[in-house]
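A.B. asks: Output the structure for:
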Amino acid sequence: MDMMMPKMDGLTACLAIKNNPATKLIPVIMVTAISFELNIKLSQQMGANGYVTKPFSSQALLDKIAQVLTVTDCNPI
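C.D. replies: Numbering: from 1, shown residues only. Model (predicted):
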């Protein structure tokens, strides 16, 4: 999920997903063009399971997805 989206930013959307009992186990990987340490910490606080900075290769994204999916309880990053 991109951190910068129209209508609702990715952090707010991630928090909504993670606070809903019906969706809280859905893994969320945050994607952004801005690689600030603060963004990573905010993503963690919102419950994101991973973080990828643009630009990224298809393989880097696939590697992050594989990493997140190997964690059975979907712990945050």
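A.B. asks: ok, which stretches of this structure are helices?
C.D. replies: Using DSSP state H, the helices assigned to the chain run over residues 10-19, 37-46, 58-70.
A.B. asks: Output these in CSV; the columns should cover mean pLDDT.
C.D. replies: Formatted as CSV, those follow (pLDDT from 0 to 100):
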stretch, mean pLDDT
helix 10-19, 95
helix 37-46, 86
helix 58-70, 92
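A.B. asks: Out of the ones you listed, flag the one nearest Val52.
C.D. replies: helix 58-70 (5.3 Å; Cβ to Cβ). (Each C-beta comes from the backbone N, C-alpha and C, glycine too.)
A.B. asks: distance between that closest one and the chain's centre?
C.D. replies: 12 Å (Cα atoms, centre = their mean, to the nearest Å).
A.B. asks: residues making contact with it?
C.D. replies: Outside helix 58-70, the residues that touch it by Cβ atoms under 8 Å, 6 or more residues apart in numbering are Pro27, Ile29, Asn49, Gly50, Val52, Cys74.
A.B. asks: Same question for that helix: list its buried residues.
C.D. replies: Judged by neighbour count (16 or more other Cβ atoms under 10 Å), helix 58-70 contains these buried residues: Lys64, Val68.
A.B. asks: next one: stretch 18-27
C.D. replies: By neighbour count, with 16+ other Cβ under 10 Å as the criterion, the buried positions of stretch 18-27 are Lys18.
A.B. asks: ok, now which ones touch Tyr51?
C.D. replies: Counting by Cβ under 8 Å, 6+ apart, Tyr51 has contacts Ile29, Met30, Thr32, Asn39, Ile40, Ser43, Ile77.
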